[in-house]
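coordinates only, sequence not included:
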C-alpha cells in the first residue's frame with residue numbers, strides 16, 4: 001500500500017471542515033492509500049475563534065492519523081509567524097511516504113521537506129491558495145514578507161516539486177509571477193465538492209424536504225446563496241433584486257451573518273419570498289444546492305462556488321478576473337456588475353428563457369459534477385499531467 005502524507009503547516013488544519021486539506025486526505029484514504037496528516041498547534045473552532053491544539057497524535061473523524069507538531073522554541077513567537085516546527089523531518093523518516101502533498105508553500109519548515117526529498121525516493125506535490133487579493137505584495141510589510149521572504153522559501157523546492165497546483169487560475173498566475181515557478185510545473189487543480197454528500201439520485205426527496213422545512217411550494221423556482229455573509233458577498237443587493245421579482249420564485253440564504261450588514265439584512269429578509277436559514281453544516285449546504293434550481297454568488301469568491309458546480313446546479317457568478325474556471329461550457333452566467341439592477345435583469349432573463357436555462361442545467365449535470373468532484377480531483381492531485 002502506497003503512503004501519502006499531507007503537510008498542513010502553512011495553512012490551518014481543522015477537523016470536520018470541508019476544506020481541501022480535509023477532503024483530499026479523506027479521498028486518498030478511500031482510494032486505498034495509507035494517509036497521515038502533519039500539522040501545527042494552530043486551529044480554530046466552529047465560531048472561527050483561534051484555539052491551540054495539543055501536541056501529539058490522534059485520529060480524525062475519517063480515521064486518519066493527525067500528528068500535531070510544536071513550534072520551534074529557538075525563534076520564540078516568530079516561529080509561529082514563520083510556520084517553523086520541530087520534528088517534521090523525524091516524522092517523515094518514520095512514516096516513509098511515497099508521496100508528500102504540501103498544502104501551501106509558505107512555511108519555513110519546508111526546508112525539512114526539501115532535505116527529505118533529496119535523500120529519498122518520494123514524489124512531492126504542492127498546492128497554492130495565495131493570490132494578490134489574500135496575499136498582497138504591494139506595500140510595507142507585505143512587500144517584504146509576501147513579496148520577498150515567502151517567494152524565496154517557496155522557490156527552495158522547485159527542483160523537488162513535481163507539480164505546483166494553483167487552485168484557481170489567479171493562484172496559478174501567483175505561483176508563476178511571485179514564486180517564479182516555471183510554466184511547466186504550474187497546473188490548475190480546482191477545489192470542488194465532496195461527493196460523499198452529493199446525492200443527485202435522491203434530488204426529488206431532498207428537494208421535497210427542503211421545501212417542506214421552509215414552507216415553500218415544490219413548484220417554486222428556488223434560488224440559493226450563502227457563505228460568510230458580509231458586504232463583499234453582495235447578498236443585500238441579491239435580496240433586493242429578488243424582492244422585486246413578481247414570479248413564482250424564492251431566495252434561500254444560508255450562512256453566518258457579519259456585523260457590517262446585520263441591521264439592513266434583518267430588515268430585508270422579512271420579505272415573503274426570502275428565507276434565511278442561518279448557519280448550515282456541510283451536509284446541509286450540499287443538500288440545499290442539490291435541491292436548488294439556481295445558485296447565485298454576486299460578490300467575492302469562496303469555495304462554495306466550486307461546491308455548487310459540483311452539485312450539478314446552474315449558477316450565476318460575479319465576473320471576476322481569472323475566475324472563469326467554474327464555467328465548464330455553459331453551466332453558468334457571469335454578472336458584469338454587482339448592482340441590484342444588473343442582478344435583477346440577469347435573473348429575469350434566466351427565469352424567462354426556459355430553453356437557455358435547460359441548456360445550462362444539462363451542462364451543469366453532464367460536465368460540472370465529474371470535473372468538480374473531489375474523488376476525481378484527488379486522483380488528479382497526485383498524477384503528473386501530460
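Structure's in. What do you need? What you are looking at is a predicted structure, and each value in this text was computed from that prediction instead of being measured.

C-alpha only now, for contacts and for neighbours.
Noted.

for residue 272, give me the pLDDT.
We have a pLDDT of 85 for residue 272.

do the same with residue 368
At residue 368, the model reports a pLDDT of 97.

and it, how far from residue 306?
Residue 368 sits 9 Å away from residue 306 when distances are taken as CA to CA, to the nearest Å.

more neighbours: those two, which one.
Using other CA atoms under 10 Å as the criterion, residue 368 and residue 306 rank with residue 368 on top: 28 against 21.

list the contacts for that one?
Contact analysis of residue 368 by CA atoms under 8 Å, 6 or more residues apart in numbering lists 309-312, 328, 331.

measure it to residue 262 for me?
Separation of residue 368 from residue 262 (CA to CA): 33 Å.

ditto for residue 208
Here residue 208 is placed at a distance of 30 Å from residue 262 (CA to CA).

helices of the stretch 51-200 of the chain, residue ranges please.
78-81, 88-95, 110-119, 140-144, 150-155, 169-177 (DSSP state H, counting those that start in this stretch).

which of those helices is buried the deepest?
Ranked by mean neighbour count, these are led by helix 169-177 with a mean of 21 (mean count of other CA atoms under 10 Å).

what residue lies at the spatial centre of the chain?
The centroid of the chain falls nearest to residue 303 when counting by CA atoms, centre = their mean (3.3 Å).

my guess is that residue contacts residue 168, does it?
No - checked against CA atoms under 8 Å, the pair residue 303 and residue 168 is beyond contact range at 10.2 Å.

list residues touching both of the two?
Common contacts of residue 303 and residue 168 (CA under 8 Å, 6+ apart): residue 191.

quick check: which ranges of the chain have low pLDDT?
46-47, 385-386 (pLDDT under 70).

picking up where we left off before, the contacts of residue 368 in helices, which ones?
Here DSSP state H is the test, and these give 309-310 as lying in helices.

need the longest helix for this structure.
From DSSP H, the single longest helix across the chain is helix 340-352.

quick one: contacts of that helix?
237-238, 240-242, 244-245, 298, 335-337, 356-357.

could I get those residues in JSON lines, plus columns for secondary structure?
Listed next are the contacts of helix 340-352 as JSON lines, based on DSSP: H, G, I helix; E, B strand; the rest coil:
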{"residue": "237", "secondary structure": "helix"}
{"residue": "238", "secondary structure": "helix"}
{"residue": "240", "secondary structure": "helix"}
{"residue": "241", "secondary structure": "helix"}
{"residue": "242", "secondary structure": "helix"}
{"residue": "244", "secondary structure": "coil"}
{"residue": "245", "secondary structure": "coil"}
{"residue": "298", "secondary structure": "coil"}
{"residue": "335", "secondary structure": "strand"}
{"residue": "336", "secondary structure": "coil"}
{"residue": "337", "secondary structure": "coil"}
{"residue": "356", "secondary structure": "helix"}
{"residue": "357", "secondary structure": "helix"}
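
out of the residues you listed, who's nearest residue 61?
residue 298 (33.7 Å; CA to CA).

let me see the backbone angles for the closest one.
Phi and psi for residue 298, reported as degrees, to the nearest 10, are phi -90, psi 0.

any idea how far the residue lying closest to it once chain neighbours are set aside lies from residue 123?
Of all residues not flanking residue 298 in the chain, residue 318 sits nearest, at 4.7 Å (CA to CA, 6 or more residues apart in numbering). Residue 318 sits 37 Å away from residue 123, going by CA to CA.

for residue 287, same thing?
For residue 287, the distance to residue 123 (CA to CA) stands at 37 Å.

neighbour count winner among the two?
Using other CA under 10 Å as the criterion, residue 287 and residue 123 rank with residue 287 on top: 21 against 18.

can you pull the contacts of the residue lying closest to that one once chain neighbours are set aside?
Closest residue in space to residue 287, ignoring its immediate chain neighbours: residue 206 at 6.4 Å, by CA to CA, 6+ apart. Residue 206 is in contact with 287, 290-291, counting by CA under 8 Å, 6+ apart.

residue 160 now?
Contacts of residue 160 (CA under 8 Å, 6+ apart): 114, 117-118, 123-124.

out of these, which is nearest to residue 150?
Out of these, the member with the shortest distance to residue 150 (by CA to CA) is residue 114, at 15.2 Å.

quick check: the closest one touching residue 157?
Yes - counting by CA under 8 Å, residue 114 touches residue 157, with 5.9 Å between them.

any idea how the chain splits into domains?
3-189, 200-371 (automatic domain parsing).

got the end-to-end distance for the shortest one?
Counting by CA to CA, the length from the leading to the trailing residue of domain 200-371 is 15 Å.

one more: stretch 37-54?
Per CA to CA, stretch 37-54 runs 15 Å from first to last residue.

again, but for stretch 289-299
End to end - CA to CA - stretch 289-299 spans 18 Å.

swap in stretch 82-92?
20 Å.

and for stretch 52-62?
Here the two ends of stretch 52-62 are set 21 Å apart, with distance taken as CA to CA.

try stretch 82-100
End-to-end for stretch 82-100, by CA to CA: 20 Å.

from the chain's centre, how far out is it? Work that out for me.
25 Å (CA atoms, centre = their mean, to the nearest Å).

list the contacts of that stretch.
2-7, 9-10, 38, 40, 69-72, 79, 106-109, 112-113, 116, 121-125, 382.

out of those, which are buried?
Those of those that meet the buried threshold are 3-7, 9-10, 38, 40, 69-72, 79, 106-109, 112-113, 116, 122-125, 382, by 16 or more other CA atoms under 10 Å.

narrow those residues to those in strands?
3-7, 38, 40, 69, 123-125 (DSSP state E).

need the residues you listed in CSV (columns: distance to residue 215).
Shown next, in CSV, are these (distance: CA to CA, whole Å):
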residue, distance to residue 215
3, 49
4, 47
5, 46
6, 44
7, 45
38, 45
40, 45
69, 49
123, 52
124, 51
125, 48
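
what ranges does the stretch 151-300 of the chain have for its strands?
161-166, 186-188, 221-229, 249-257, 274-278, 294-297 (DSSP state E, counting those that start in this stretch).
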